[in-house]
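> next one to model:
(chains A and B)
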Amino acid sequence: DTEVTQTPKHLVMGMTNKKSLKCEQHMGHRAMYWYKQKAKKPPELMFVYSYEKLSINESVPSRFSPECPNSSLLNLHLHALQPEDSALYLCASSHGSGANVLTFGAGSRLTVL
Amino acid sequence: DQQVKQNSPSLSVQEGRISILNCDYTNSMFDYFLWYKKYPAEGPTFLISISSIKDKNEDGRFTVFLNKSAKHLSLHIVPSQPGDSAVYFCAADPGAQKLVFGQGTRLTINP
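Numbering: from 1, shown residues only, chains lettered A, B, ... in the order given. Sure, this is the predicted structure:
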């Protein structure tokens, strides 16, 4: 299995809602990532988990809360988002050594109303 | 400050010809450079990488060249095929579990 699976593919939420994005990989990768991508822009790193521990937080607002329940799963909990948070959220995983070759999921397209 | 730059937002190439995508960087401390390809509504897909100690890496139709003195790398695709039409991102790995991406170049292969 060489895939990273993200659910849901599309999510529309209001600014007072609480929702979660989910990501799963079964490649035995020990590093998992959340990236945010706006239209016509490159992916921007948000969080990195290494061996199930948060190793990098790129000064992301607290309305985004990551969680890594186990080595295969990564969640992103969303609360009190703003319309400018609307974007494609990409999950990725990697071995965590050598060239940092990330395997990306297809993304979750989030729209905040 | 953008550490990785792709100055061409788009490139159009005839099928069968060579496509050359360019990338410039400012930080000499990057360990690896990678190229990713992205189709609409999909996540980026890894294409090819090169270590900072090499100047060329080849994989089938794809070759990446690294010129450290010019802080420049390029991706050559030959021959170009219609399925190569996508957005290509150059990325640099500083070795801290971070990838720094360029802005991307949209490649269109014309029949």
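> what residues does chain A put near chain B?
A:4, A:6, A:31, A:33, A:40-45, A:48, A:50, A:55-56, A:90, A:92, A:94, A:96, A:98-107 (Cβ under 8 Å from any Cβ of the partner chain). For every residue, glycine as well, the C-beta is placed using N, CA and C.
> please redo it, this time with the cut-off set to 7 Å
A:31, A:42-43, A:45, A:48, A:50, A:55-56, A:90, A:96, A:99-107 (Cβ under 7 Å from any Cβ of the partner chain).
> residue nearest the centroid of chain A?
In chain A, the residue lying closest to the centroid (Cα atoms, centre = their mean) is residue A:34, at 3.0 Å.
> list the contacts of the helix or strand where that residue lies.
Here residue A:34 sits within strand A:31-37, counting by DSSP states H and E. Under the contact criterion Cβ atoms under 7 Å, 6 or more residues apart in numbering or on different chains, strand A:31-37 has outside partners A:23, A:25, A:43-50, A:66, A:68, A:74, A:76, A:87-94, A:96, A:102, B:97.
> make it 6 Å
A:43-50, A:74, A:76, A:87-90, A:92-94, A:96 (Cβ atoms under 6 Å, 6 or more residues apart in numbering or on different chains).
> show me the shaky parts of chain A.
For chain A, the stretches flagged by pLDDT under 70 are A:1-2, A:97-98.
> the strands in it, which residues?
Per DSSP state E, chain A carries strands over the ranges A:4-7, A:10-13, A:18-25, A:31-37, A:44-50, A:53-57, A:64-70, A:73-79, A:87-94, A:103-104, A:108-112.
> near the nearest residue to residue A:58 once chain neighbours are set aside, how many residues? Count them for me, please.
Leaving aside its chain neighbours, residue A:58 sits nearest to residue A:45 (5.2 Å; criterion: Cβ to Cβ, 6 or more residues apart in numbering or on different chains). A count of nearby residues for residue A:45, using other Cβ atoms under 10 Å in any protein chain shown, gives 20.
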